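1. A predicted structure for the sequence below; I have some questions about it.
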Amino acid sequence: MTNRPSPWTRTRTGGALLAAAALVQAAAAWYVLAVRMPDDTERSRSYSVAATCPAGSPGTAVEECVRTVPFTVSGTVLRPKDHLATLDGAPSWSGTVRFGSPGPLLEDLKPGDRVDGTLWRGRVTRLERAGVAQASVDEPRDEAQIVAGLGTAAALLAVLAAVLGALLFTGRRTTFALARSLLCWTLFSCVVPAVLAFWAGLPWWTVSAAAVPTALVAAEAVRRLSAGKAQGEPQGFVAGRLPA
């Protein structure tokens, strides 16, 4: 007869996996909030205050000033996940520029077309032709609220994984439906404040200030609802439910 792992062994394994996931999410939260967001903020500020390069000055590979360079379009790529333009602007800059969408300019470009490109820190941040402009993915954007939402979500998911992992490790199993509801509400509690703060132009810290208490209230509501549905049924390990 094949020996199967005992329920206790399975719960300990699940708890260890969730603990590892919590560490990964915690590291992701640290990177987003402590590294990515300050770097994006610095780039956006530097780009917004960058002066125009002096006319006639020799260009270098990486410049802090903003330079307008005439380019010739060598070709474009328009696919669902790839929106590219290959440009020739030698000796200033030549290469491929990536965009987030096909419009409003990229989809109308053809080989041989002439465009004006904005060059900053060795990257083309914007193209313009006949009054129509389109920003590339390398153009710095002030999206601190969205980044804060991602970092806050990662931090809350780390806490959620740690709590669920501790419950499993100690033998107190929870239902998949409850875990899924907690996950969805945690993400919802971070996404909505981030989008609203971005649209309203609120400081990035308002995202975390709103997301954390919202996620905690939602988690308690989900737990109580789950406990209410389970009343009259066996609790704990056998039923696979978290006791209220």
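-> Cool, the structure landed.
2. and P104, that one's in a strand?
-> No - P104: not assigned to a strand; according to DSSP: H, G, I helix; E, B strand; the rest coil it is coil.
3. roughly how far does it sit from R129?
-> For P104, the distance to R129 equals 10 Å [CB to CB, to the nearest Å]. Glycine gets a C-beta too; all of them are placed from N, C-alpha and C.
4. between the two, who's got more neighbours?
-> Applying other CB atoms under 10 Å to P104 and R129 shows that R129 carries more neighbours, namely 17 against 10.
5. ranges for the helices of this protein?
-> Assignment of helices within the chain using DSSP state H yields the ranges 7-30, 37-49, 144-169, 176-200, 205-229.
6. could I get those as a markdown table with mean pLDDT, distance to T76 and mean neighbour count?
-> Output for these, formatted as a markdown table (pLDDT from 0 to 100; distance: least, CB to CB, whole Å; neighbours: other CB atoms under 10 Å):
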| stretch | mean pLDDT | distance to T76 | mean neighbour count |
| --- | --- | --- | --- |
| helix 7-30 | 82 | 35 | 16 |
| helix 37-49 | 93 | 25 | 14 |
| helix 144-169 | 92 | 28 | 21 |
| helix 176-200 | 91 | 30 | 17 |
| helix 205-229 | 87 | 37 | 16 |
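7. could those helices be laid out in a markdown table, adding distance to D82?
-> Shown next, in a markdown table, are the helices of the chain (distance: least, CB to CB, whole Å):
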| stretch | distance to D82 |
| --- | --- |
| helix 7-30 | 26 |
| helix 37-49 | 23 |
| helix 144-169 | 23 |
| helix 176-200 | 26 |
| helix 205-229 | 31 |
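8. so which of the ones you listed is nearest R123?
-> When the helices of the chain are compared by CB to CB, helix 37-49 sits nearest R123, at 10.3 Å.
9. distance between that closest one and the chain's centre?
-> Counting by CA atoms, centre = their mean, to the nearest Å, helix 37-49 is centred 17 Å from the centre of its parent chain.
10. equivalent analysis for stretch 48-63, please.
-> A distance of 31 Å separates the centroid of the chain from that of stretch 48-63, by CA atoms, centre = their mean.
11. give me the residues contacting that stretch.
-> For stretch 48-63, contacts defined as CB atoms under 8 Å, 6 or more residues apart in numbering pick out 64-69, 91-92, 119-122, 140, 142.
12. report the two of these separated the most.
-> Farthest pair in the contacts of stretch 48-63 (CB to CB) is P91 and D142. Separation: 32.4 Å.
13. who has more neighbours out of these two?
-> Higher neighbour count among P91 and D142: D142, with 16 against 7, using other CB under 10 Å.
14. leaving out sequence neighbours, find the closest residue to that one.
-> Nearest non-adjacent residue to D142, counting by CB to CB, 6 or more residues apart in numbering: S44, 4.4 Å away.
15. verify the contact between that neighbour and P140 for me.
-> Yes - with contact defined as CB atoms under 8 Å, S44 reaches P140; the gap is 4.3 Å.
16. W204 reaches V147, doesn't it?
-> Yes - between W204 and V147 there is a contact under CB under 8 Å: 7.3 Å.
17. what residues are up against S136?
-> S136 touches V97, R98, F99, R123, V124, T125, R126, L127, counting by CB under 8 Å, 6+ apart.
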